[in-house]
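> Here is my input, please return the structure:
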Amino acid sequence: MRIRTVETIFKKEMTDTLRDRRTLIFMLAVPIAAIPLLLIVISNLMTGQIEKEMERTSMVLVQGMEFLPDDLRGDLNGAESFTIEPDANSDLNDMIERVKSGEVDALMVVPRSFDKAIALESPTEIEIFYDEAEIRSGFAVDRLDSILASFRKATISARLQQHEISEDVIKPFDITSRNVASMKKVAGETLGAMLPYLIIIMCFMGAMYPAIDLAAGEKERGTLETLLVSPASRGEFVVGKYLVILSTGTVAALLSMVSLTFSLNYMASGIMKFTGEILSIDFDLATVILVFMIVLPLAGIFSAILLSVSIFARSFKEAQSYITALNMFIILPAFVSLLPGVELDYKIALIPVVNVSMIIKEAVSGSVQWNYVIATFVSTNVLAAALLYLAKKWFERESVLFRM
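Modelled structure (predicted):
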């Protein structure tokens, strides 16, 4: 194989690729602007909705309001965060339907003997019905819980004083939890879980359209035959086209890493308003190099597969149909980084896409295990080389190149 010939083919194909608007959109516009902008818009909508619901007065329906002790009834009626609507006559199922329909945010059911049970120090309970799928219903429950918890604490304290018992009797020891994880690791586990998934998807999308155009597109334009009669070998053509696809996929992945890091940090700053936690993803040079070295062979796998599919397809549209179906085999393994409790081991380090997803997640959190990195790097490179060889053999078959 002649390096100079491959270089000439690469330059020619890259020039043509960069002139294609679809390639520029998926290699540059989507990872740099579209996806980050979408995340920022979603973040603003979420935080805006949460702030709106926090300021909103909850509507709480109460059955058995008259059975509450006077001080608890006064606390509920005097609360500014929600409005109490007493209802002693409606059927319970009808009131639950009002919660389901969103007419009221929560329903509190007080048993008839509640005030007597409190006075007699007998066990009793209050039922709260809410719609977990609605954020406003969740806020209503939290506000009710706050007042009920205060009343329960005050009741316990009063009972202990009445019986001349120290509060230490029911609290024999304290539990103090101290976090030993660095903020980088915490950010990696919370924010960094999304990053590998999106980087892998962007890598695949960045390689997709150049791959379709460089083989199926050549068939449609009728220029494939002209290329085949040139002095370059078919292997040189495959390698030249492969390097173009590899370059666009890798560039899309790296650009998405930068833009998505900014977007996720922006989302975290919005969440901080409500949690008080300070989370952000910070990349040092070593992490960037590691991500690049681990994404490069994955892009090689994608490039070889996409090029093979494109060579097999009769037309641009047919190649798109095949690759659309192929998307599921990329999305689902990449999703592993979002699953809690999944840890990297040698088995996972040998599973394509999954291994890269987990390595990127660990790199973001700063807890890199180099034995698994090496296993992942070697396995993905071996697979990429094997798939490139198969793409070359595929390209050499006349029955594949000139499918009618």
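> Which of the three states applies to the residue nearest to Ala207 when sequence neighbours are not counted?
Residue nearest to Ala207 in three dimensions, not counting chain neighbours: Gly249, with 3.2 Å by C-beta to C-beta, 6 or more residues apart in numbering. Backbone N, C-alpha and C define where each C-beta goes, glycine included. When classified by DSSP: H, G, I helix; E, B strand; the rest coil, Gly249 comes out as helix.
> what's the helix or strand for Leu107?
strand 106-109 (DSSP states H and E).
> low pLDDT regions in the chain?
Applying pLDDT under 70 to the chain picks out residues 1, 22-24, 26-35, 39, 43, 179-193, 224-229, 263-284, 399-404.
> Domain ranges for it, per the record?
Listed by automatic domain parsing, the domain ranges of the chain are 3-37+183-401, 56-166.
> Please tabulate those in CSV, including the columns distance to Phe173 and mean neighbour count.
Putting those into CSV (distance: least, C-beta to C-beta, whole Å; neighbours: other C-beta atoms under 10 Å) gives the following:
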stretch, distance to Phe173, mean neighbour count
domain 3-37+183-401, 27, 19
domain 56-166, 14, 15
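> Need those domains in TSV (columns: distance to Asp174).
TSV is the format used below for these (distance: least, C-beta to C-beta, whole Å):
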stretch	distance to Asp174
domain 3-37+183-401	22
domain 56-166	15
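> Out of those domains, which gets nearest to Met46?
The closest of these to Met46 is domain 3-37+183-401. By C-beta to C-beta, the value is 7.2 Å.
> returning to that earlier point: so which of the domains of the chain gets nearest Ser177?
Nearest to Ser177 among the domains of the chain is domain 3-37+183-401; the distance by C-beta to C-beta comes to 13.8 Å.
> Other residues contacting whatever helix or strand Asp115 lives in?
Element membership of Asp115, judged by DSSP H and E, is helix 114-119. Identification of contacts with helix 114-119 by C-beta atoms under 8 Å, 6 or more residues apart in numbering yields Gly64, Phe67, Leu68, Pro69, Pro111, Ser122, Pro123, Thr124, Ile126, Thr155.
> what are the pairing partners of the next helix or strand after that helix, and which direction each?
Using DSSP H and E, the next helix or strand after helix 114-119 towards the C-terminus is strand 127-130. Paired strands of strand 127-130, with direction, are strand 106-109 (antiparallel) (DSSP bridges).
> Using CSV, list the CA coordinates for the strand it pairs with.
What follows is strand 106-109 as a C-alpha-only set of coordinates in CSV (Å, rounded to 0.1, in the frame of the first residue of the first chain):
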residue,chain,number,x,y,z
ALA,A,106,-53.0,16.5,47.7
LEU,A,107,-55.6,14.9,50.0
MET,A,108,-55.1,14.4,53.7
VAL,A,109,-57.4,12.0,55.5
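> Could you give the separation of it from the chain centroid?
35 Å (C-alpha atoms, centre = their mean, to the nearest Å).
> again with stretch 386-396
For stretch 386-396, the distance to the chain centre is 34 Å (C-alpha atoms, centre = their mean).
> where's Thr47 relative to Met54, distance?
Distance from Thr47 to Met54, counting by C-beta to C-beta, to the nearest Å: 10 Å.
> ugh, wrong one, I meant Asn44
Using C-beta to C-beta, Asn44 is found at 16 Å from Met54.
> ditto for Ile212
Counting by C-beta to C-beta, the gap from Ile212 to Met54 is 48 Å.
> now Ile84
Distance from Ile84 to Met54, by C-beta to C-beta: 19 Å.
> returning to what we had before: spit out the contact partners of the residue nearest to Ala207.
Here Gly249 is in contact with Cys203, Phe204, Gly206, Ala207, Ala299, Phe302, Ser303 (C-beta under 8 Å, 6+ apart).
> so where do the helices sit in the stretch 201-350 of the chain?
Applying DSSP state H, counting those that start in this stretch to the stretch 201-350 of the chain gives helices spanning 224-228, 234-275, 285-312, 316-334, 346-349.
> Dump the ones you listed to JSON lines, plus distance to Ser150.
Shown next, in JSON lines, are the helices of the stretch 201-350 of the chain (distance: least, C-beta to C-beta, whole Å):
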{"stretch": "helix 224-228", "distance to Ser150": "77"}
{"stretch": "helix 234-275", "distance to Ser150": "22"}
{"stretch": "helix 285-312", "distance to Ser150": "47"}
{"stretch": "helix 316-334", "distance to Ser150": "46"}
{"stretch": "helix 346-349", "distance to Ser150": "48"}
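> closest one to Ser101 among the ones you listed?
Using C-beta to C-beta as the measure, helix 234-275 is the one of the helices of the stretch 201-350 of the chain that comes nearest Ser101, at 27.4 Å.
> what's in contact with stretch 130-145?
With C-beta under 8 Å, 6+ apart as the criterion, stretch 130-145 contacts 49-50, 53-54, 56, 58-60, 79, 81-82, 99-100, 102, 105-108, 128.
> Send me it as CSV with only the CA atoms.
Extracted in CSV, the C-alpha atoms of stretch 130-145 (Å, rounded to 0.1, in the frame of the first residue of the first chain):
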residue,chain,number,x,y,z
TYR,A,130,-50.9,12.6,46.0
ASP,A,131,-49.9,12.3,42.4
GLU,A,132,-46.2,11.4,42.1
ALA,A,133,-46.2,12.2,38.4
GLU,A,134,-47.0,15.9,39.2
ILE,A,135,-44.3,18.1,40.7
ARG,A,136,-46.8,20.4,42.3
SER,A,137,-48.4,17.5,44.1
GLY,A,138,-44.9,16.5,45.4
PHE,A,139,-44.4,20.1,46.7
ALA,A,140,-47.7,19.9,48.5
VAL,A,141,-46.8,16.7,50.3
ASP,A,142,-43.4,18.1,51.3
ARG,A,143,-45.1,21.2,52.8
LEU,A,144,-47.6,19.0,54.7
ASP,A,145,-44.8,16.7,55.9
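> Might you calculate how far that stretch sits from the centre of the chain?
Distance of stretch 130-145 from its chain centroid, counting by C-alpha atoms, centre = their mean, is 25 Å.
> now swap in stretch 103-117 and tell me
Computed by C-alpha atoms, centre = their mean, the separation of stretch 103-117 from the middle of its chain amounts to 40 Å.
> could you dump stretch 200-210 to CSV, C-alpha only?
Coordinates of the C-alpha atoms in stretch 200-210 are reproduced here as CSV (Å, rounded to 0.1, in the frame of the first residue of the first chain):
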residue,chain,number,x,y,z
ILE,A,200,-20.6,8.4,21.7
ILE,A,201,-23.8,9.4,19.9
MET,A,202,-22.1,12.5,18.5
CYS,A,203,-19.2,10.4,17.4
PHE,A,204,-21.5,8.1,15.5
MET,A,205,-23.5,10.9,13.9
GLY,A,206,-20.4,12.8,12.9
ALA,A,207,-19.1,9.7,11.0
MET,A,208,-22.5,8.7,9.6
TYR,A,209,-23.1,11.1,6.7
PRO,A,210,-19.5,11.1,5.3
